[in-house]
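# whatever this is, show me its structure:
(one chain, ligands or ions: 1)
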Amino acid sequence: MKSLFDELSQNPPDPLFGLNAEYAKETRPFRANLSIGVDIDRPNTAPSIFPVVKKVEKEILEEEKTKTFLPIAGMPEFIDLAGKLIFGPQVSDRIVGLQTLGGTGALSMAGEFLAGEITRSICLSSPTWANHSGIFTKTGLELEAYPYWDGQRVPFDRIVDYFRSVKPKTAILLHPCCHNPTGLDFTREEWKALSDLFLKRNLIPFFDFAYHGYGNGLNEDRLPIDLFMEAGHEMFVAYSFAKSMGIYGERAGALFVVMQNTRARERVTNHLSAIARAVYSNPPRHGSEIVARILGNAAHLKEWEEHLRRRREGLNERRRLFGERLVGEVSEKYEYVIRGRGMFSLLDLSPEQVMRLQNEFAVYIPRSSRINIAGLFPENMDHVIKAIKAVHEKK
Ligand SMILES: Cc1ncc(COP(=O)(O)O)c(C=O)c1O
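Next up is the predicted model:
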């Protein structure tokens, strides 16, 4: 008998999770997984749990009295504390916040809201995180792309030219720090220039804040948000706690909408809540409970900041070592790797070179040749450098 599903088409596997699954089957002793963006302590392990997260989980186990539903918009303390973390202590009534299913959920909800009520198109950096186009295509927004990479740096003049020609009221997706995949961010002056231009051209800033604390510091990484707030923008911020608290699978994220005044506050909340209600009804408790307990307790907060600082410094040090070896042993063009921040950098390799890394050296990176610096360790650095050198030399 014919099945309903016989004619079902096949989507390609997700480029990152698919590659990760392939790597799990890899048995060669010299191997390296530089694909998925997680921060690990040792090669071939899963990310460890931050000690302060374990501590508050024990508190939760002892003190939690109910598993009842959260409000549709999420846990109020979580939203309040996350808002203060992102916007500083002066979070105003002009900001509406909603708990979301990770940063992805925040992007997706904002996309649906934008498409339904505010604008027709969104402009993404080229290149950008692989999932952005999937998320926003699904919401019905038209996608545009601003140039973000010339092979070695961020071509700011071309970006400005591009934004001068974009239709007013286009949403512009920006990575406030640790740009995924290049690792290269705008300077303070460039952010200021963009802020002026966006105001003049009536463009909608939309920050995707997924690596807070992984760039230069918790305060430093907020720089563009501060500048745009000071300049009086209406804007969107999608925020993820996956990396900054190492709670990837708990799906703790938030969406904030900054408005010029409080007139539309209830209506914005109402629209976003309606989207959430129809998709998952209300968000999960555990991740937001962890975040609220850490951000709301001075001792836990300090411990988290300290742990995150150590992770950031360790990552930046590995980036420096890797970048210096690339420059010294492969090509001077890789100087930009040293300048980058966060987990990623682009190696600018062809898909053939990427496949050679995988087939000949068991070094796994996605076809885009984005490399996760957090997968590099003293144990595998020599092997990875040797592999990259080899695919550069032999055609
Ligand atoms: C740029 C960027 N935005 C958003 C996300 C999604 O974050 P989450 O895992 O919280 O959904 C990621 C995750 O890799 C990312 O790299």
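
# rest of the way, CA atoms for contacts and neighbours
Will do.

# so residue 330 makes contact with residue 389?
Yes. In this structure, residue 330 is within contact of residue 389 by CA atoms under 8 Å, at 5.5 Å.

# neighbour count winner among the two?
residue 330 (18 against 15; other CA atoms under 10 Å).

# give me the phi and psi angles of the closest residue to residue 262 other than its chain neighbours.
Of all residues not flanking residue 262 in the chain, residue 94 sits nearest, at 5.0 Å (CA to CA, 6 or more residues apart in numbering). Main-chain torsions, residue 94, degrees, to the nearest 10: phi -80, psi 0.

# burial of residue 94, as a residue count?
Neighbour number of residue 94 under other CA under 10 Å is 16.

# so who does it touch?
258, 259, 260, 261, 262, 265 (CA atoms under 8 Å, 6 or more residues apart in numbering).

# could you dump those into TSV and include neighbour count, distance to residue 14 and secondary structure?
As requested, the contacts of residue 94 are arranged in TSV below (neighbours: other CA atoms under 10 Å; distance: CA to CA, whole Å; DSSP: H, G, I helix; E, B strand; the rest coil):
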residue	neighbour count	distance to residue 14	secondary structure
258	21	33	strand
259	20	35	coil
260	13	39	coil
261	12	41	coil
262	13	41	coil
265	16	37	helix
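
# closest to residue 59 out of these?
residue 258 (33.5 Å; CA to CA).

# residues touching the residue nearest to the closest one when sequence neighbours are not counted, list them.
Leaving aside its chain neighbours, residue 258 sits nearest to residue 95 (4.5 Å; criterion: CA to CA, 6+ apart). The contact partners of residue 95, taken as CA under 8 Å, 6+ apart, are 256, 257, 258, 259, 265.

# phi, psi of residue 95?
phi -110, psi 130.

# try residue 98
Dihedral angles for residue 98 - degrees, to the nearest 10 - are phi -140, psi 130.

# run through the residues that contact it.
73, 74, 79, 254, 255, 256, 269, 272.

# so what pLDDT did the residue nearest to the first one when sequence neighbours are not counted get?
Nearest residue to residue 73 in three dimensions, chain neighbours excluded: residue 98, at 4.9 Å (CA to CA, 6+ apart). At residue 98 the predicted local confidence, pLDDT, stands at 97.

# so residue 253 touches residue 101, yeah?
Yes. The criterion here is CA under 8 Å, and residue 253 meets it with residue 101 at 5.7 Å.

# who's more crowded, those two?
Neighbour count, other CA under 10 Å: between residue 253 and residue 101, residue 253 has more, with 29 against 24.

# nearest residue to that one in space, please, no chain neighbours.
Going by CA to CA, 6+ apart, residue 253 has residue 102 as its nearest residue, at 3.8 Å.

# what about the one you found, how many residues close to it?
25.

# contact residues of the protein facing the ligand?
Within the chain, the positions lying close to the ligand (CA under 6 Å from any ligand atom) are 37, 102-104, 129, 180, 208, 210, 240, 242, 248, 251, 253.

# and the two most separated of those?
Largest separation among those by CA to CA: 180 and 251, giving 19.1 Å.

# what's the longest helix in the protein?
Using DSSP state H, we find that the single longest helix of the chain is helix 298-329.

# in that one, what's buried?
300-301, 303-305, 307-309, 311-313, 315-316, 318-327 (16 or more other CA atoms under 10 Å).

# with stretch 226-237 instead?
226, 228, 233, 234, 235, 236, 237.

# so who does whichever residue of the stretch 151-300 of the chain sits closest to the ligand touch?
Nearest to the ligand, among the residues of the stretch 151-300 of the chain, is residue 240, at 4.3 Å (CA to the nearest ligand atom). Residues near residue 240 by CA under 8 Å, 6+ apart: 102, 103, 104, 209, 210, 211, 252, 253, 254.

# please redo it, this time with the cut-off set to 10 Å
82, 100-107, 208-212, 247-248, 251-255 (CA atoms under 10 Å, 6 or more residues apart in numbering).

# what residues are shared contacts of residue 253 and residue 101?
107, 240, 283, 287.

# coming back round to it: for the residue of the stretch 151-300 of the chain closest to the ligand, list each beta-bridge partner.
In this entry, residue 240 is beta-bridged to residue 253, by DSSP bridges.

# again with residue 346
Bridge pairing for residue 346 - DSSP bridges - gives residue 370.

# ok, it touching residue 370?
Yes. At 4.4 Å, residue 346 counts as touching residue 370 under the criterion of CA atoms under 10 Å.

# now for those two: what residues contact both?
180, 181, 182, 183.
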